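K.L.:
next input, structure requested:
(one chain, ligands or ions: 1)
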Amino acid sequence: MTTFRPLGFLACVQGFCCSLFLSLMCIVSLPSFAFGQGNSPSQAIQRIDPPNWWIGMKSPRVELLVYGKNVGETQVKLMPYKGVKVEKIEKASNPNYVYLTLSIAPNTKPGAITLAFQNKGLTVLRNYELRARTQKAPQGFSAKDAMYLIMPDRFSNGDPSNDMVPGFPDTMHRDSLNERHGGDLQGIINRLDYIKDLGMTTIWNTPLIENNMQKYSYHGYAFTDFYAIDRRFGTNADYCRFVDSCHAKGLKVVMDVVLNHLGDQNYLALDPPAESWLNDIALLKSSDRKKDIQKPNYRTTTHSDPYASEYDKRSTTERWFDWMMPDFDGRDAHCATYLVQNIKWWVEYAGVDGLRIDTYPYPNKTFTAAWTKAIAEEYPTLSMVGEVWVSESVGVSAYWQANARNSDGFNSNLPAITDFPMNSALGAAFNEKEEWGSGLIRLYNTLAQDFLYPNAGKNVVFLDNHDVSRYFSAVQEDVKKHKMALAFLLTTRGTPQLYYGTEIAMAGWKEQDPFVRRDFPGGWKEDTANAFTSQGRNALQNEVFNHVKTLATWRKTKSCVHSGKLTHFVPFDGTYTYFRHNETESVMVVLNNNDSEKTISTERFGERLRGFMSAKNVLTGASVSDLLRITIPAKSALVLDLQK
Ligand code: CA
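P.N.:
Numbering: from 1, shown residues only. Just a heads-up that it's a prediction; the model follows:
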């Protein structure tokens, strides 16, 4: 694993220094040079993004975004370095930026190249590191996996020393739901055995990137430095250590990516390279953004709607998500490149296995499609799932999966989507009375529309997440309904995603966001209860934990659940039966949504039951010898591993 070591700033005067030795001499002898009047050397080149690059990437080019007072007025030169060339130097409309495109031959030796920024006979030198690639190819995730979603600030505090970090105004107050609670990377590392024991194989954290905002920063979606882990969570090196720790335990890591917006305290928002980087640039200068903001219509159906007005389409993609989060405009080619390279940097730097892409339909879709293609070309084994929050219809959701048969010709290139239509069906099915259009038929009807997806088996399926009511609350804290839904989640097609705490029946209505983001009990040493251990969990928590663990652990070995076919039968009399099967395995699932026990005759399932003589009840371990008539207790799921 590589570690993050930013190279120091080097400055000198009067022509180029031709060696590192000379440049070091310069910094010692004359440290006060800068381009602008009265600037210190550190202001001359404040930063270069990406902070380093790698040799031997599929694309040999990298575009450096150089930021410094009036750096756009300098002449930029590269000190000779075998294999490295400057392909292009472009001024930004803001004189504090310059775009510098390097091409790096695959046989280039790792090391630091030196860039010289020259103005009126004065020169600043800056080293830039080119590294050898050390990461293995990303493992990717699939329906073989079960994904555990964590909001890091609210999961476990493993390092109280980073709870308060100087220079970060949004501080820790555990009694306030809108402020930070101190959870961090070390906290997650400490709980990897718990996550693994639960049967999960993949961890998706909501973003860990720096959110140095005045307030409401705990959620992590307002990036203020795209290249830094938030110090309240740890350091960049800690993130690498986290990924390595996961891999050592056989767990994969999914990184949360935000392409739509950034925090208003990001240098790119405080001093944008060009007005074309951001939508609604006038809002950036408003003295009262809360009043002046025109929020998006949040109607992402406008993308696929053949009748949508241009006004409505722009209202989806060209407005700020919130007054503190300026909106990127990926139609600016440099902005698009910045966002592509940022994620290549993280994949290469930390070795993550997959990406979850936030608010996927909110940026310009030509940009997101190109972004997704560029990432997939560099990392063919990296998995990507986009948050496509459209509950209205499977068709609108399917529009966003790669190679969907869209009449407008749009291809997102996105391998997987978050399955909100299924989430919506799950939110209703177990609460409703069984009628023609309600109850279990909602699950059946949602799956029946899978023909619209090029590959529904890649969908990420979930009962809840950090943005919706916790499922246990959605089913009125009825543990039977909760367990039925979990059984469905872990046996239907797609990659199941479990939100932290759902396995211990945490409650929370989304009257406000933080109500569904409460602290995991036991994540803080002062907590009175510790749900990370069976002794610390109450009976209800253990009942649900063991239910998830049993199914998820069993699921790991069942290829028919990962990639087998799904055959289902129209719900009848309040029960819904489906099979997952391939050439060697077959699993039968029956959901009973009635308030009473049901005994069903299995005659009508003959096409799938023929040849099977017995079964094992996955949840109880009991043997089932009679498959002709099956009894299912009220409000429960029966999962049978069929045997010949
Ligand atoms: Ca902490």
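K.L.:
in the stretch 501-644 of the chain, which residue sits nearest the ion?
P.N.:
Closest to the ion within the stretch 501-644 of the chain is W524: 9.2 Å, counting by C-beta to the ion. For every residue, glycine as well, the C-beta is placed using N, CA and C.
K.L.:
from F612, how far out is that residue?
P.N.:
Distance from W524 to F612, counting by C-beta to C-beta, to the nearest Å: 49 Å.
K.L.:
neighbour count: these two, which is higher?
P.N.:
When neighbours are counted by other C-beta atoms under 10 Å, W524 and F612 differ, and W524 comes out ahead with 19 against 16.
K.L.:
quick one, what contacts that one?
P.N.:
Shown in contact with W524 (C-beta atoms under 8 Å, 6 or more residues apart in numbering): S156, N157, R174, H181, G182.
K.L.:
likewise H181?
P.N.:
D153, R154, N157, M172, R174, Y218, D519, W524.
K.L.:
of these, closest to S93?
P.N.:
For the contacts of H181, the residue nearest S93 by C-beta to C-beta is Y218; the value is 35.0 Å.
K.L.:
from what I can see the closest one touches R174, true?
P.N.:
No - in this structure, Y218 is not within contact of R174 by C-beta atoms under 8 Å, at 10.8 Å.
K.L.:
out of the two, which sits in the busier spot?
P.N.:
Taking other C-beta under 10 Å, Y218 and R174 do not tie; Y218 has more neighbours (27 against 15).
K.L.:
show the pLDDT at the more buried one.
P.N.:
In this model, Y218 is scored at 94, pLDDT.
K.L.:
excluding its backbone neighbours, what's nearest it?
P.N.:
Spatial nearest neighbour of Y218, chain neighbours left out: D153 (4.3 Å); criterion: C-beta to C-beta, 6 or more residues apart in numbering.
K.L.:
what about the strands in the stretch 401-550 of the chain?
P.N.:
Remark: strands assigned in the stretch 401-550 of the chain by DSSP state E, counting those that start in this stretch are 416-417, 460-462, 495-499.
K.L.:
contacts for the second one next, please.
P.N.:
Residues from elsewhere that reach strand 460-462, judged by C-beta under 8 Å, 6+ apart: 147, 149, 385, 416-419, 422-423, 489, 492-499.
K.L.:
contacting residues for F367?
P.N.:
Counted by C-beta under 8 Å, 6+ apart, F367 has contacts L259, G330, R331, A336.
K.L.:
can we see that at 10 Å?
P.N.:
Neighbour list for F367: L259, T317, F328, D329, G330, R331, D332, A333, C335, A336, L339, V340 [criterion: C-beta atoms under 10 Å, 6 or more residues apart in numbering].
K.L.:
inside helices: which ones of these?
P.N.:
The helices, defined by DSSP state H, take in T317, A333, C335, A336, L339, V340 from the contacts of F367.
K.L.:
how close does the first one get to F117?
P.N.:
Between T317 and F117 the computed distance is 36 Å (C-beta to C-beta).
K.L.:
ranking helices and strands of this protein by mean pLDDT, which lands last?
P.N.:
Every helix and strand of the chain was ranked by mean pLDDT, DSSP states H and E. The lowest is helix 20-29, at a mean of 32.
K.L.:
can you report how many residues lie near T620?
P.N.:
Using other C-beta under 10 Å, T620 is surrounded by 11 other residues.
K.L.:
surely it is in a strand?
P.N.:
No - using DSSP: H, G, I helix; E, B strand; the rest coil, the assignment for T620 is coil, not a strand.
K.L.:
so it sits right up against L638, yeah?
P.N.:
Yes - counting by C-beta atoms under 10 Å, L638 is a contact partner of T620 at 9.3 Å.
K.L.:
how much space between G182 and the ion?
P.N.:
For G182, the distance to the ion equals 4 Å [C-beta to the ion, to the nearest Å].
K.L.:
helix/strand/coil for that residue?
P.N.:
coil.
K.L.:
so which helix or strand takes in L149?
P.N.:
L149 belongs to strand 147-150 when elements are defined using DSSP states H and E.
K.L.:
C-alpha coordinates for that strand, CSV please?
P.N.:
The C-alpha coordinates for strand 147-150 follow below in CSV (Å, rounded to 0.1, in the frame of the first residue of the first chain):
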residue,chain,number,x,y,z
MET,A,147,-23.3,-5.0,1.0
TYR,A,148,-23.3,-3.2,4.4
LEU,A,149,-23.9,0.5,4.2
ILE,A,150,-22.3,2.6,7.0
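K.L.:
quick check: what element follows that strand along the chain?
P.N.:
Downstream of strand 147-150, the first helix or strand assigned by DSSP H and E is helix 185-190.
K.L.:
touching that following helix from outside, list them.
P.N.:
148, 150, 152-162, 184, 194-195, 203, 205, 208, 229-230, 232-235, 238-246, 249, 500, 520, 523-524, 532.
K.L.:
and the buried ones among those, selectable in PyMOL?
P.N.:
To isolate the buried members of the contacts of helix 185-190 in PyMOL, using 16 or more other C-beta atoms under 10 Å:
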select buried, resi 148+150+152+153+154+155+156+157+158+159+162+184+194+195+203+205+208+229+230+232+233+234+235+238+239+240+241+242+243+245+246+500+520+523+524+532
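K.L.:
for K644, what are its contacts?
P.N.:
K644 is in contact with S586, G611, F612, M613, S614, counting by C-beta under 10 Å, 6+ apart.
K.L.:
buried subset of those?
P.N.:
The neighbour count (16+ other C-beta under 10 Å) marks S586, F612 as buried among the contacts of K644.
K.L.:
quick check: which of the contacts of K644 are also close to the ion?
P.N.:
Checked against the ion using C-beta under 5 Å from the ion, these give no members in range.
K.L.:
can you add pLDDT and secondary structure and give the contacts of K644 back as TSV?
P.N.:
Formatted as TSV, the contacts of K644 follow (pLDDT from 0 to 100; DSSP: H, G, I helix; E, B strand; the rest coil):
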residue	pLDDT	secondary structure
S586	98	strand
G611	95	coil
F612	96	coil
M613	94	coil
S614	97	strand
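K.L.:
once you drop chain neighbours, what's closest to the closest residue to the ion within the stretch 351-500 of the chain?
P.N.:
Residue nearest to the ion within the stretch 351-500 of the chain (C-beta to the ion): Y500, separated by 16.4 Å. Sequence neighbours aside, I150 is the residue nearest to Y500 in space, at 4.9 Å (criterion: C-beta to C-beta, 6+ apart).
K.L.:
thought the one you found was touching T502?
P.N.:
No - at 11.5 Å, I150 does not count as touching T502 under the criterion of C-beta under 10 Å.
K.L.:
related to what we said a few turns ago, shared neighbours, Y218 and R174?
P.N.:
Contact criterion C-beta under 10 Å, 6+ apart; residues shared by Y218 and R174: R154, R180, H181, G182.
K.L.:
show me where the stretch 201-350 of the chain has helices.
P.N.:
236-248, 267-270, 281-284, 289-292, 310-317, 333-350 (DSSP state H, counting those that start in this stretch).
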